[in-house]
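> just to be clear, the model below is a prediction. Sequence and coordinates:
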Amino acid sequence: MENKIIKQLAHICIHTNDLKKTEIFYCDILGLSKKFNFNKDGNLFGFYIDLGNKTFIEFFLNSEVTIQSSVIKHFALEVENIEQVIERLRENGIEVKDKTIGSDNSWQTWATDPNGVLIEFHQYTDKSSQLNGNDCIVNWK
């Protein structure tokens, strides 16, 4: 009986104080493409870079980021059954949030690893922006 509940890495999240330079580096220099944008108050707030096979890098504008600060906020793991993940974590004494639908229309839950690394467990839906390329409207910082 296979005990595997993780499917693959879904995305990593990186904060930047310059979205344009970030886009130039990843899209123009490295040849990757944007999948969709995050818009806030009518302005570009971030975007997803497509790495292939439903794996992405997500970038968000954060004016407080410096080279000396940590730019990686969390990483996400794609799962087949988010309820199973929540149950498994809770059975093992790991604090985990209840599942919610994110602004990208994907199911998500959050936990922290023993080293303090924030992990988002991510289950796509038929409406997920990662699958259809629709922009997300966000209202958080």
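Arrived safely.

> in stretch 134-141, what counts as buried?
Neighbour-count burial for stretch 134-141, with 16 or more other CB atoms under 10 Å as criterion, is recorded at D135, C136, V138. All C-beta spots, glycine's among them, are computed from the backbone N, C-alpha and C.

> looking at those residues, which are in strands?
Among the buried residues of stretch 134-141, DSSP state E puts C136 in strands.

> reformat the buried residues of stretch 134-141 as CSV; add distance to E23.
CSV is the format used below for the buried residues of stretch 134-141 (distance: CB to CB, whole Å):
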residue, distance to E23
D135, 15
C136, 17
V138, 18
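
> make a markdown table out of the buried residues of stretch 134-141 and add distance to D113 and pLDDT.
Below are the buried residues of stretch 134-141 laid out as a markdown table (distance: CB to CB, whole Å; pLDDT from 0 to 100):
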| residue | distance to D113 | pLDDT |
| --- | --- | --- |
| D135 | 31 | 96 |
| C136 | 26 | 93 |
| V138 | 25 | 91 |
